[in-house]
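Colleague: next come a sequence and a model predicted from it.
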Amino acid sequence: MGVPDTDRWVEEVKTRPGAERIGMILVHRGVVRGTSRSGDPVVGMDLSVDRVRLDEVLEEARSWDGIVAVRAWVNEGWLPIGDDIMAVLVAGDIREHVFGGLQRLVGLIKTEVVTEAESPAG
């Protein structure tokens, strides 16, 4: 599956049962950058995904306070600079729940779902 159309995700979420409870929708698009967290140059990353754990994490997120809908897609394999790593949508009632939910969900995906190894430049 290629990179999802996140605009379509937003429109689909807005038409589902319970959509009247939605007051905010946030979408995160993670992209491979040209440096590591420490600032060292990289040429890309190798990414693997635990799809079972991804499903579990999404199911957990659906139970968080104020969260109405979540969606996530995670890429896999060797990804050069600029490639999409993930797309995550969180929809909910108020901004505190949605901002916090998005940050928490992306954090869980990064720590419990994906394994990444950056490829150093040179």
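Modeller: Received it, and whenever you're ready, just let me know what you need.

Colleague: only C-alpha atoms for contact and neighbour calcs from this point on.
Modeller: OK.

Colleague: report pLDDT for the residue nearest to residue 87 when sequence neighbours are not counted.
Modeller: The shortest distance from residue 87 to any non-neighbouring residue, by Cα to Cα, 6 or more residues apart in numbering, is to residue 29 (4.6 Å). pLDDT for residue 29: 97.

Colleague: okay, now residue 29: neighbour count?
Modeller: 15 (other Cα atoms under 10 Å).

Colleague: and what of residue 78?
Modeller: 15.

Colleague: quick one: mean pLDDT over stretch 5-24.
Modeller: Computed over stretch 5-24, the mean pLDDT rounds to 97.

Colleague: sorry, wrong one. I was asking about stretch 95-103.
Modeller: For stretch 95-103, the per-residue pLDDT averages 98.

Colleague: if we can go back for a sec, what sits against the residue nearest to residue 87?
Modeller: When contacts are counted by Cα atoms under 8 Å, 6 or more residues apart in numbering, residue 29 touches 84, 85, 86, 87, 88.

Colleague: among those residues, which lie within helices?
Modeller: Among the contacts of residue 29, no residue falls in helices (DSSP state H).

Colleague: turn those residues into CSV, columns for pLDDT.
Modeller: Formatted as CSV, those follow (pLDDT from 0 to 100):
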residue, pLDDT
84, 97
85, 97
86, 98
87, 98
88, 98
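
Colleague: all strands for the protein, in order.
Modeller: 24-31, 42-49, 67-74, 77-80, 84-92, 114-120 (DSSP state E).

Colleague: save the ones you listed as a markdown table, and put in distance to residue 58 too.
Modeller: Shown next, in a markdown table, are the strands of the chain (distance: least, Cα to Cα, whole Å):
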| stretch | distance to residue 58 |
| --- | --- |
| strand 24-31 | 14 |
| strand 42-49 | 14 |
| strand 67-74 | 7 |
| strand 77-80 | 21 |
| strand 84-92 | 10 |
| strand 114-120 | 14 |
